[in-house]
Structures are given as C-alpha cells and as structure tokens.
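K.L.:
here are the coordinates; sequence isn't available:
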C-alpha cells in the first residue's frame, strides 16, 4: 500500500516553522549537574553565611515555592485562581488552632490543616471548575473574600481581626532560624518535587492538553472535570501546607495575611516567573518574596514600583523571566551547534 | 422591630446602594464586554472620584452639584492616559490585560496614599436633613444618592439606546469583529466606553463618599460588588448588570439590616455558587462560559 | 438487525429553535454513512448529541447494543465512539507527535498512581501508545513533520491531524464533522482517500458535510437533513434524485435536473 507522501505540501512548514525542541542527552547531563550543584549550595550556604536576616528571607522564599508550585499546577489546566490565599489561610488557622487550643502535636496539626484545605477544594472544585477564564477569576476572588470574612468574624476560633499571637513552633528546636530553614528546604523539595513529577508524567500531559483545548481533550476521552479537580485539590492542599509551615514560622497570623493581595502575589509569582514552566514559579517566588523585605523603608513606593513592574512585564515579557531564560538558552545552544534546520 | 419606617428606610437604602452598585458594575461590564479586559482597577477609579470630590467640594468648597460632576469628569479625563498606556496594549488579551490592571490597581492605591495618607477621610455631607414623606422619615443623603444615581443611569440608558455611539458600543460589545467590519472605529469606541465607564465609577465613588468615609483602599469593596453583580447578571450584559445590581443591593441591604453584615456576605457567595451550578453564564449572560 | 449505532427520534431545541427534530438513522458495522444538508440543517448538532456534548430533549442513542443517550463524552470515547471537529481543532502550541500522543489517552493512561510511580504497567502502556502514534503518523504521511508545531501546519494537514488524534482513541465508529470544509478540491480528494482507508481498516464512519459531490463519491448511504428534520435516506444516487431533496436544496423549478 503506497504511503501517502505529504512532503510537497509540507515543505514550507518544515523549512520555516519552529520545531518543538528536543531534549538531548547532553542537555540532560547539564541539568543533572546543575541540579546537584544547586542542591549543595542550598544546603550549605546558610551555615557559611550565618546571617539571620538572609536565612529568614530564604526560608520564606522556600515556603512560597510550595504555594507557587501548587498554583502552577492549577494554572496548567488553564484556570487562574485568585483565591489561592484562602486555602493558605485554612491550612494556617487549622494548624494553629488545633495546636494551641487542642494541644495536638504539630505533625497532626499540619496534616489536619492540609486535609481541610483539600476537603474544601474537593467540595467546591467540581462546581467552580465548570467555569473558565474570567468567570473563574471572579468566582475564586469572591471565594477568597468570603473565607477571609470567616476568619474575621469567627472570633472565638480565629481571634478575629486581631489575629493570633505567639504561635508555637512545630517543636522547640525550630525556634532557631537555621533549623526552620532546613525544615522549609525539605518540605519545599518534597512538594515541588511532587508537582514536578506530576507535570512531567502522563498526568501532566493530560493537564496540558486540558489547558490547551478542553474541547479536544474531552473528545479524546479525557474526563476533563475530574482532572481539573485533581489539579485544583493538589494545588490547594500544597498552599495549605505552606500556610501551616509559615504560620508556625512567623508565629503570628491574622486575616490580613490571607487577603486578596496574597492571592495576587501567588499569581504574580507565576506570571512574572513564567507560567509555562514549574521553574518559572520558583523564579517568581525568588523575585517577589524578598521585595518587601528589602524595600521596607519605602512601603508606598515599593508597591507603586511593584504595580508598574506588573504592567511592564505583561507588555514586554509575557512568558516571564523563565521564558526569557529559556530563549537565551536556546539562542546559546543554537549558536553552538550551528542550526541545520 | 418591623416598623413601617424601618422597612421603608431599608427599601430606600437598598435601592440607593443598588443604584451605586449598578453604576460601578455597568462600567466594569462595559469594559469587559467591549474590550474583553477585566478591569481590576475599576474600584480605584471610584476611589479617585471620591477623593476628587473631597478636594473640589470639601477643600475648594464648590457647590455640590458642580463639584460632583466635575470630579467625575476630571477623573474620567485623566484616566484616558491610563487607557492609552495600560489598557490599550492588552485589548482582547484577557489574561495579560487582567494582570496589567492589577498592577495599575496597586499602583493607584499607593499613589493615593502619598498625598492622602492611610487614614480614613470624610467628605462633608451635602445633605444632612431628614425628609418626611407620608409620615415616614428618610435620611436625605440616601435619597440624594438614589436620585442622582437614578438620573445618571437614565442618561446612560438613553445614551446607549438612542445615540450613534451608544449603538456602536452595543454592537462592539456583542461582536467586536463584525462591528469593525461594519466600519465602526474601534479605537474611538474603546476610548468612549472607557471614558463612560470611568465617569460612572468616579461618580459612584463620590456618592459612596457621601455615605461612607474615603480611604485609598476603599476601591476594593465596589470592585468585589461589581464582580458579584456581573457574575449574577452575566459578564458583558448591560441589562444583566442592572438586574444583578438590584438583586445584590436589595438582598444585601435587607439581610444587613435584619441579620447583620456577615450573613449578607455569605449569602452573596452562596447565591453565586448556586447560580454557577444552575446557570453559569449569569441571568443574562451570553452562554459562552 | 443489530446496527452498530442506532439513533432514534432524536430532538434538541435551543430556546425557540428546533435544531434537531425527530432524527432517526443507523450505521451498520463497516459502513460509511453520510449526513448531508445545507449549513444550519442541524448536522453538527446531531454529532454533538450523539457524542454526548449535548443532552437530547427526546430520543435515544444506542451504541454497540447499549443505550448511551446523555452519557458524557469521555464515556462514549471509552466505548469506541469518537468524533472530530468542523474547524481544525488541534493542540496548536504542541508538536504533531505530542498531539497524537494526547489522542491516545484511552491507551496511554494507566491511572494516577501507576503514572506517578512509573510502574511497569505505565511504561508498557506508554510504549504501546508511542508505537501506535508513530505508526499512524507514518500511515498518513505525517512522520516528516512530527516535531513541527501543529498550529503552523497548513490547514488541510491540521484537519488530518485532527483525524489522527481521533483515530488514536481506537474508535469502532468515528463521526467526522465536515471533513472537507475549507479544503481545495485536491485536498478534499486526499481526505476522501484517507477516510476510505480508515474505513477499510475496520472503522465504521459517519460523515457529516454539505458538499454533495464529496459525499456521493464516498458514502455507502446518505441521510439528507433540512431544518433539523430528516428529508430522505438511501443510496447517494437515490437520495440526490429525490425530488424533496432537490426542492429543499435547490429550490422549485429544478426537478428533473441531473444533480451533481
């Protein structure tokens, strides 16, 4: 049977259009080496530098990587959640309250916080994930507001607007900044690792398909809503875990910490860092989290600057910093190999 | 106590706040319907309107009925700069436009903090008397808000229905491509829609300032209300914004008066969730969810 | 008479518009059945109803002996009933090969935990899916462009890719929505060839289109639709000579004229 040749018709497409990049064995070697080096650096630098401030900021960056990675998973399915901080708050308040009022040990408190975040996501997900685009943004925004109002109004449990002071550390040993850094490092590695594994697996392929075209994915037999809920639940649980870890690190929580601006932060991290890759979420966290810490003296100007940065990034760098880096890397590697397209 | 006065006052308050919500929501839905941009900075235009009124009426002591429209005009005209710089690059690009307006929102809030400071400011009340009608007492400021908002909404309706530009806007909101193919100048339509939306938001901000106090962050509440209204009524639908605004305003006011603020807010969210299950595109939405 | 697909008195109304009005037809295994009609006749709605995208107001759909009316699309795909889209719907930002692999979801997905832990089952299924995808790309001549972004392919090839994606779900019956739409006559002939080959490989085909010439050269049987209702059914020659069909599609005064 003669194979229908498409060569003629596709000639132009072959010549001009961009090929999707192939992973080379050499490229993989490079990534592994960098990863190991990076890991070594991450483990050793706080001991070498021994600066409380930097260690504190770095711990926060690591914790935010968890929530940002969680949002990244949700973004992959094409849904922009503006209520991410609500689930962070649920994880935080649950963990704090069970530990302080019920005297539960921290691991149980953390697990309960994560579980409650997961349950809420599981309950609401199948309803709100039916809508896309702007509607989903509006709904999650409203959800975030409502959850915040619960935190403000449920005074006997949450302490209302005043918040909760003197939150105990997970264990006395974690009063040390350094110790918390390593806790955060381990948890971030696990959580980000989980998201990384999902994203590079067949599950990730399905999520990407859904993000690119729900209609087409559905026609190939994908139970679209089920997968979207899966991504949503995992994403919200992760930020719930961050909430708990962060609450016992800062040792003070209040409803303000989980308001819309915090949800916005997560979105901004992903967008500025680059929405197309998990690395982008990490880069975004690295860029966004330290900003307020370093600009403490000029609160108003810092925020104005932040707002303008958002506008500029959207106008000139829509694929974020990660997009910039990957284009630079591609340009470099092409020059080295001498492209033979 | 279910006295007739209380019920009547609640109705007036409800309609007044509904009218203000509708003012804000209409502008928001117009910008989304025509330019497909979620204007996260919409509440800030209301805030700027409130502060403009503070300057014109509170500080410069102009007559209220001059200061209010002037404040709105000033804000709307000044905002055309933002239209050019922040909105125009992102028309028809939903996600990017959304993030850009988020950036604008933050920048505006903190820019307002510099001259005005974080404390709440109050605008002197233009209407302090009590009005008696049929043996029922009403606060004149609520009545004034209601009356002014109603006039503006009527003007908006007449504009959209009977002017060429209004027709062009409605066409563009329904289908931007076809509208352009029909010869409608999209840039002028966008600018006009933006001006109109901002005008109404700024006016609403001034009216809000008559009843509540001002702060650089006061824009968040009208924004959330606008969101709720358009979810209820359907994004991009003008009648939807009116219906949604009325529903939200009345429902909220009654719940707040008789049960307190928190149940009112939860009820809003509950209504949204129910609506999403039953009719995701809102009461009047276009069904393209 | 056990038809592979049987559609019985299907109806769907949108607001005041009866998009599909009391349609019945069937497809025997191995057939190519065509549904013709001008634009707006309700043909795409029929596909949407059968494939589970819409729930019908009335009527039943029976597939492989089971009543499947109103089931969600992914259940139907699992049972072997797959559809394509009128416009060339592909994953525009992904490579051709990636598109194909995504189409093989039914084959490729071994379950969440298997996938995450990369078990033997997961690896075996992935190898199967990759093989099936590569074979199908080869069969339809798309191997050369396997790594090209789908969105940058010429339109005709995007439509073929759409069909590849659908075929990788291993359908017993495939519903094609206007496969010739937007194509030049040469490209349409190519597509007709492909459909015949797909049919010869054992897949029953239901094609929907308004291009009479294309359909009469391809289908074993035709169902003519007009304004959501069925007009005539039979062999292409019989249907196209049917005076009701001629009057509906060409208007009065054309009876007796030889059709295409």
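P.N.:
Looks like it arrived, so ask away. Just so it is clear, the structure is predicted and the values come from calculations on it, not from any experiment.
K.L.:
any idea which residue of the stretch 151-300 of chain A lies closest to chain C?
P.N.:
residue A:221 (3.3 Å; Cβ to the nearest Cβ). The way it works is simple: take the backbone N, C-alpha and C, and place the C-beta from them, glycine included.
K.L.:
now do the stretch 1-150 of chain B
P.N.:
Nearest to chain C in the stretch 1-150 of chain B, going by Cβ to the nearest Cβ, is residue B:95, at a distance of 14.6 Å.
K.L.:
for that residue, which non-adjacent residue is spatially closest?
P.N.:
Distances taken as Cβ to Cβ, 6 or more residues apart in numbering or on different chains place residue A:80 nearest to residue B:95, at 6.7 Å, with adjacent residues excluded.
K.L.:
what is the three-state secondary structure of the one you found?
P.N.:
With DSSP: H, G, I helix; E, B strand; the rest coil as the basis, residue A:80 sits in coil.
K.L.:
which parts of chain C are strands?
P.N.:
Using DSSP state E, the strands found in chain C span residues C:5-14, C:17-27, C:32-36, C:58-63, C:66-67, C:81-83, C:173-177, C:204-209, C:221-226, C:229-234.
K.L.:
report whether the first one contacts chain B.
P.N.:
So the one you mean is strand C:5-14. No - counting by Cβ under 8 Å from any Cβ of the partner chain, chain B is not contacted by strand C:5-14; separation bottoms out at 9.7 Å.
K.L.:
helix or strand right after the helix or strand of chain A with the lowest mean pLDDT?
P.N.:
Within chain A, no helix or strand scores below helix A:7-16, which has a mean of 49 by mean pLDDT, DSSP states H and E. The helix or strand immediately downstream of helix A:7-16 is helix A:25-49, counting by DSSP states H and E.
K.L.:
could you say what helices and strands that following helix packs with?
P.N.:
helix A:52-76, helix A:177-200 (3 or more Cβ pairs under 8 Å, 6 or more residues apart in numbering or on different chains; DSSP states H and E).
K.L.:
compute the first-to-last residue distance for stretch C:194-210.
P.N.:
Criterion Cα to Cα, to the nearest Å; first-to-last residue distance in stretch C:194-210 is 19 Å.
K.L.:
should've said stretch A:158-178
P.N.:
29 Å.
K.L.:
show me what contacts the residue in chain C that chain A sits nearest to?
P.N.:
The nearest approach of chain C to chain A comes at residue C:77, 3.3 Å away (Cβ to the nearest Cβ). Going by Cβ atoms under 8 Å, 6 or more residues apart in numbering or on different chains, residue C:77 touches A:219, A:220, A:221, C:106, C:169, C:171.
K.L.:
with residue C:85 instead?
P.N.:
A:215, A:216, A:219, C:162, C:177.
K.L.:
same deal with residue A:91?
P.N.:
A:113, A:114, A:116, A:117, A:239, A:240, A:241, A:242, A:243, A:244, A:247.
K.L.:
quick check: closest non-adjacent residue to the residue of the stretch 151-260 of chain C found nearest chain B.
P.N.:
Nearest to chain B, among the residues of the stretch 151-260 of chain C, is residue C:151, at 17.1 Å (Cβ to the nearest Cβ). Nearest non-adjacent residue to residue C:151, counting by Cβ to Cβ, 6+ apart: residue C:92, 3.2 Å away.
K.L.:
quick revisit: my read: the residue of the stretch 151-260 of chain C closest to chain B touches residue C:90, true?
P.N.:
Yes - with contact defined as Cβ atoms under 8 Å, residue C:151 counts as touching residue C:90 (7.3 Å).
K.L.:
list the residues that contact both of the two?
P.N.:
Joint contacts of residue C:151 and residue C:90 (Cβ under 8 Å, 6+ apart) are residue C:158.
K.L.:
what about these two, which has more around it?
P.N.:
Per other Cβ atoms under 10 Å in any protein chain shown, whichever of residue C:151 and residue C:90 has more neighbours is residue C:90, with 27 against 14.
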